[in-house]
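*Asks:* next come a sequence and a model predicted from it.
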Amino acid sequence: MVPQIPVVDIGPLRNRAPSGTEDVVEVIRDACGTLGFFQVVNHGVPDLLIHRVWEQTRNFFALSRDQKQSLARTEENPRGYYDRELTKNARDLKEVFDFGDVDQPHLSEDDPRNCAAVDGFNRWPDGLPEFKPTMQEYFRACRDLGLTILKAFCAGLGVAPDAVERHFVPKHTSFVRLNYYPLHDPLESEQAVGVTPLGDMALHHHTDAGALTILLQDDVGGLQVAWSGRWIDVEPIDGAFVINLGDMMQIWSNDRYRAALHRVLPRTQRERFSIPFFFNPAYETNCTPLEPLGREAPRYRPVNWGMFRQRRTDGDYADVGKEIQISDFRVGGH
């Protein structure tokens, strides 16, 4: 029987209600152990803010190519605009705009705390005065939602809430990505000068590298999650966020939770937009199975998040061979 992607009312979690919380945790725990995907409603992010975020996202991608390219990411600063990202060493049919933590100052390249090739600094487009404040407000709302969901993850594992939260407070390395999936390849005219050809997906199959992802998707659809040899559609639900686990959460859970393989199908009738918030720990975090889960027999060697994120990022922007995976850190026999 094909499992259903649950839609979870997380109001009891947000309100710390005396009743209902255990039921919510149970549904989330079951979803984390099967598909690794679920959707949440009553999440506390205002509808008006979501409307403004969609409006500003569409305004940004409607800018001229020259305006967007003025914010193009570089080797020195990976935040900003990009239109030739690779997944599984194949180019995705999409344009993206990335920005990171809006409350932590940029660290200089010679600061030892800075994972330089991953961090960078935020840049904002000219001519869109509401873009920056809207995105700053949205980032903070997603961070707060992420902390609420982390507590539910820990409760489902039977570990203390701060077992994971301490890797995100006061410092974390999360970022927001604005995705635009056009109907046609904007780089088609550049194929003759060395642009990597498109693959067969708008976004190729992958797992997310960090702890969890909070995704706002429009009504077009196309997101799919792998399960038992087939692909299951993650149907858009108005006002809901899609939540999926990342690789670090799978390690922390000692494989009780699943970082789900997912992809996005190419669209032929309508362009698509989506906005993932990647909730990631501090770079110095060394991820290992949480106590007491690790006593069962740890299935992973320690994984430094800064190193893992760096090597995954390298594979996103250049064809550098096999992407790093958490399977590379599995203890033999598991």
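*Replies:* Great, that's in hand.
*Asks:* can you give me the strands in the stretch 151-300 of the chain?
*Replies:* Assigned by DSSP state E, counting those that start in this stretch, the stretch 151-300 of the chain shows strands spanning 175-181, 203-206, 212-217, 223-227, 230-233, 241-245, 262-264, 272-279, 286-287.
*Asks:* which one of these lies closest to R65?
*Replies:* Nearest to R65, of all the strands of the stretch 151-300 of the chain, is strand 175-181, at 12.2 Å by CB to CB. The way it works is simple: take the backbone N, C-alpha and C, and place the C-beta from them, glycine included.
*Asks:* list the contacts of that closest one.
*Replies:* 57, 60-61, 79, 93-101, 135, 138-139, 142, 202-203, 222, 264, 266-267, 271-278, 280 (CB atoms under 8 Å, 6 or more residues apart in numbering).
*Asks:* in helices, which of these appear?
*Replies:* 57, 60-61, 135, 138-139, 142 (DSSP state H).
*Asks:* would you map the helices across the stretch 1-150 of the chain?
*Replies:* Applying DSSP state H, counting those that start in this stretch to the stretch 1-150 of the chain gives helices spanning 11-15, 21-33, 47-61, 65-69, 131-157.
*Asks:* buried sites along the first one?
*Replies:* For helix 11-15, burial by neighbour count (16 or more other CB atoms under 10 Å) applies to 11-14.
*Asks:* now the last one
*Replies:* Of the residues in helix 131-157, those buried by neighbour count under the rule 16+ other CB under 10 Å are 131-132, 134-139, 141-143, 145-147, 149-157.
*Asks:* show me what contacts the residue nearest the centre of the chain?
*Replies:* Centroid-nearest residue in the chain, with CA atoms, centre = their mean: F278, separated by 3.3 Å. Contacts for F278 were tallied using CB under 8 Å, 6+ apart; they are 174-177, 208-210, 213, 246.
*Asks:* counting neighbours, what do you get for the residue nearest to G11 when sequence neighbours are not counted?
*Replies:* In space, and not counting its chain neighbours, G11 is closest to N42: 4.0 Å by CB to CB, 6 or more residues apart in numbering. Using other CB atoms under 10 Å, N42 has 14 other residues around it.
*Asks:* isn't N42 right next to R14, touching?
*Replies:* Yes: N42 sits in contact with R14 when judged by CB atoms under 8 Å, with a separation of 7.4 Å.
*Asks:* just among the contacts of F278, which is most surrounded?
*Replies:* T213 leads the contacts of F278 on contacts (other CB under 10 Å) with 27 neighbours.
*Asks:* contacts only, for that one.
*Replies:* Contacts of T213 (CB under 8 Å, 6+ apart): 242-246, 276-279.
*Asks:* out of those, flag the one nearest to R301.
*Replies:* Of those, the one sitting nearest to R301 (CB to CB) turns out to be G246, at 17.9 Å.
*Asks:* separate out the buried members of the contacts of T213.
*Replies:* Counted by 16+ other CB under 10 Å, the contacts of T213 give 242-246, 276-279 as buried.
*Asks:* got those residues as a markdown table, with distance to V331 and pLDDT columns?
*Replies:* Supplementary listing: the buried ones among the contacts of T213 in a markdown table, determined by distance: CB to CB, whole Å; pLDDT from 0 to 100:
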| residue | distance to V331 | pLDDT |
| --- | --- | --- |
| V242 | 31 | 98 |
| I243 | 28 | 98 |
| N244 | 25 | 97 |
| L245 | 20 | 96 |
| G246 | 20 | 97 |
| P276 | 30 | 97 |
| F277 | 31 | 98 |
| F278 | 27 | 97 |
| F279 | 26 | 97 |
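*Asks:* so which of the residues you listed is the closest to V303?
*Replies:* Nearest to V303 among the buried ones among the contacts of T213, with distances taken as CB to CB, is G246, at 11.9 Å.
*Asks:* list the contacts of the closest one.
*Replies:* G246 neighbours (CB under 8 Å, 6+ apart): 207-213, 259, 278, 280.
*Asks:* redo those as JSON lines? Include distance to P125.
*Replies:* Below are the contacts of G246 laid out as JSON lines (distance: CB to CB, whole Å):
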{"residue": "T207", "distance to P125": "31"}
{"residue": "D208", "distance to P125": "26"}
{"residue": "A209", "distance to P125": "27"}
{"residue": "G210", "distance to P125": "26"}
{"residue": "A211", "distance to P125": "29"}
{"residue": "L212", "distance to P125": "28"}
{"residue": "T213", "distance to P125": "24"}
{"residue": "A259", "distance to P125": "33"}
{"residue": "F278", "distance to P125": "21"}
{"residue": "N280", "distance to P125": "24"}
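*Asks:* just curious, which of those residues is nearest to I28?
*Replies:* Closest to I28, out of all of these and judged by CB to CB, is L212, at 10.8 Å.
*Asks:* any figure for the gap between the closest residue to that closest one other than its chain neighbours and I149?
*Replies:* If the residues on either side of it in the chain are set aside, L212 comes closest to F279, at 5.0 Å by CB to CB, 6+ apart. Going from F279 to I149 by CB to CB, to the nearest Å gives 8 Å.
*Asks:* then R311?
*Replies:* With CB to CB as the criterion, R311 and I149 are 26 Å apart.
*Asks:* list the contacts of P276.
*Replies:* 176-177, 179, 208, 213-216.
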